[in-house]
Structures are given as C-alpha cells and as structure tokens.
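K.L.:
requesting a structural model of the entry that follows:
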Amino acid sequence: GYAACGQPQRTVMKTSRTGGPALLDLGARAAAAGWQQAWFEYNAERVRRGEPLPEDDRAADWTFLLRLGHDAAALVIGCDWGAASLALARRCRRVRALDASGEKIAFLNARITQQGVTNLEPAMAPHRLPECFEGGPFDLIVLRDIPAGWPTNLSALLSALKPALKPEGALF
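P.N.:
Residues are numbered from 1 along each chain as shown. Predicted coordinates for the structure are as follows:
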C-alpha cells in the first residue's frame, strides 16, 4: 500500500523465538492486505534469512496424476498452506482441509474467500480422529501430517482412517 505522502509502506514482519518469520498474524495480514501480498512478504523474509520456501503451487503437481471425477470428495489431513487442497478443489466437488495450525487455517480461509473458492472447507484438525470424518466417506484421503493425539503407529492410523474412505477410494 501507499502512505499519505505517496511513499510505499513497508510491512514489518515479526520473527519467531527461533529467529524465523513468525506465523503470527499471517491470516490477519492476508485478510487485510490480500493473501498474495501477505504470502509474498512471508516468503521474502524467509529468503532473506536463507530459509527454504515452505510451499508453492508446484507442491501439488502430484494431484494431476490422480483419477478423480468432478463429483469426488477429498479429505486433506495436514493441509499446510493449502497448495494441495486448492489444486484438489479445482478437480473435486468438495475438499475438507484439516491442519493443527490455526494460523494456516486462517490464511487458507482468507485465500479461498479472496479467490472465490466455495468447495474447500478448511478446519482445525480435531484432537480425536473420528471427528475428521464429517462429510465422508471420501474418494481420496491425503495424509500429509499426523495431528497431535492421533495414532502414530501407521497400521493403527490406516485402520482408523479406513471407515472414512469409500471402498474404491485412495489414500495418498
């Protein structure tokens, strides 16, 4: 944006206790300044510090390999900043995206509102696994991260997810 005197305003990015760019307020900045501006500033600060970029749209290129009908429903667990969830929303009827980070959910909510995406439902990952099955069964479940309180044993986790997956569905 521009200040009253016509000079560009500079956004000051908070830093975390570890010295990296803070997640705090990224969702609020996205709602106020636009998701693209907030995302650009966040990533610019990461690059300035020599840190890797957290995610870009190329992180979801694998979604083009999936055979999904337009009436498909998908569940993304550990949606991160939303690249995979948004890519799936372009191809599916409905996508439910869960993450344990409220800041990531706030950012994704601002982004989908600004982009006019209506079939993507970001939500906080529940502490109990069966609560994530709302809207199921799903044609696709994408497991990118395991939220706290969920089974960490792969066999137990897959058994717990099975009821949320359609018989012909896929787990990625």
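K.L.:
going forward, measure contacts between C-alpha atoms and count neighbours the same way
P.N.:
OK.
K.L.:
my read is residue 29 is in a helix, agree?
P.N.:
Yes: assessed with DSSP: H, G, I helix; E, B strand; the rest coil, residue 29 lies in a helix.
K.L.:
what's near enough to touch the closest residue to it other than its chain neighbours?
P.N.:
The spatially closest residue to residue 29, leaving aside those adjacent along the chain, is residue 38, at 5.7 Å (CA to CA, 6 or more residues apart in numbering). Residues counted as contacts of residue 38 (CA atoms under 8 Å, 6 or more residues apart in numbering) are 26, 29-30.
K.L.:
that's a strand at residue 160, yeah?
P.N.:
No: counting by three-state DSSP, residue 160 falls outside a strand, being helix.
K.L.:
ok, it to residue 129 distance?
P.N.:
7 Å (CA to CA, to the nearest Å).
K.L.:
who has more neighbours, these two?
P.N.:
Between residue 160 and residue 129, counting by other CA atoms under 10 Å, residue 129 is the more crowded of the two (17 against 14).
K.L.:
contacting residues for the more buried one?
P.N.:
150, 160.
K.L.:
do that again at 7 Å, thanks
P.N.:
The contact partners of residue 129, taken as CA atoms under 7 Å, 6 or more residues apart in numbering, are residue 150.
K.L.:
measure it to residue 149 for me?
P.N.:
For residue 129, the distance to residue 149 - CA to CA - is 8 Å.
K.L.:
which residues are common contacts for the two?
P.N.:
Common neighbours of residue 129 and residue 149 (CA under 7 Å, 6+ apart) do not exist.
K.L.:
show me the shaky parts of the protein.
P.N.:
1-24, 130-132 (pLDDT under 70).
K.L.:
where do the strands sit along it?
P.N.:
Assigned by DSSP state E, the strands in the chain fall at 73-77, 94-99, 120-124, 138-143, 165-171.
K.L.:
quick one: closest of those strands to residue 62.
P.N.:
strand 138-143 (11.3 Å; CA to CA).
K.L.:
contact partners of the closest one?
P.N.:
With CA under 7 Å, 6+ apart as the criterion, strand 138-143 contacts 72-78, 164-166, 169-172.
K.L.:
mark which of those residues are buried, thanks.
P.N.:
Neighbour counting by 16 or more other CA atoms under 10 Å classes 72-78, 164-165, 169-170 among those as buried.
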